[in-house]
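K.L.:
A predicted structure for the sequence below; I have some questions about it.
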Amino acid sequence: MDAKKLGEDNKATAQYIKKTIDIIKGPSEESSPPKSSPKKSDILKIQGNNCMAQKMYDKAIDYYTRAIEVARDDDPNMYVYYSNRAAALCFMQDYQQASEDATIAIELKPDYGKAYARLGLSLFFLCRYAEAKDAYETALEYEPHNKASLSYLKKAKEKLQEEHY
């Protein structure tokens, strides 16, 4: 990523955070009240997403972890925080923790294809190919054209074939 693009991304993030803080503080005398304000956990998720885009995976994990910590148990986006952290953990090659986070995301939202794909990836790199194959097949039920899932499903099947010879 070039410096100009990074600067634009940081500026956009700063503007979003400023607007969010203004919303959280409440309306000023000359403005009307907001219809809804973003939750702190969602702001942390966005910051984590920005870190992912910049390949700062350790910082992304920190933001997603904080989102999980501040979110309420009934937060409808909790599954996203776990699934996103699983993705960041995969980039950091912490596949065991990634599989645990992906599993939690699936428990929270059983029809979330990305969580199955992230579970599949972590299981693949843990050399648990049969389980990875199953996870990818389920991911493809929800996202049938996901190229990464299709590719890794094929790789998992190939690894299973190699194990049988």
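P.N.:
Received the coordinates, thanks.
K.L.:
just the helices in this structure please.
P.N.:
3-25, 40-53, 57-70, 78-91, 95-108, 113-125, 129-142, 147-163 (DSSP state H).
K.L.:
Pick out the shakiest of the ones you listed, pLDDT-wise.
P.N.:
Least confident of these, judged by mean pLDDT, is helix 3-25 with a mean of 51.
K.L.:
Against D58, how distant is T65?
P.N.:
To D58, T65 is 11 Å away according to CB to CB, to the nearest Å. Every residue, glycine included, has its C-beta placed from N, CA and C.
K.L.:
Please disregard the earlier target; I meant Y82.
P.N.:
Taking CB to CB, one finds Y82 at 17 Å from D58.
K.L.:
okay, T65 and D58: which has more neighbours?
P.N.:
Each of T65 and D58 has its neighbours counted (other CB atoms under 10 Å); T65 has more, 17 against 10.
K.L.:
What distance do you get for that one to L153?
P.N.:
Counting by CB to CB - T65 and L153 are separated by 30 Å.
K.L.:
And for R72?
P.N.:
According to CB to CB, R72 stands 36 Å off from L153.
K.L.:
Which of those two has more residues huddled nearby?
P.N.:
Per other CB under 10 Å, whichever of R72 and L153 has more neighbours is L153, with 22 against 9.
K.L.:
That one reaches L140, doesn't it?
P.N.:
Yes: between L153 and L140 there is a contact under CB atoms under 8 Å: 6.7 Å.
K.L.:
Return every residue with contacts to both of those two.
P.N.:
Counting by CB atoms under 8 Å, 6 or more residues apart in numbering, no residue touches both L153 and L140.
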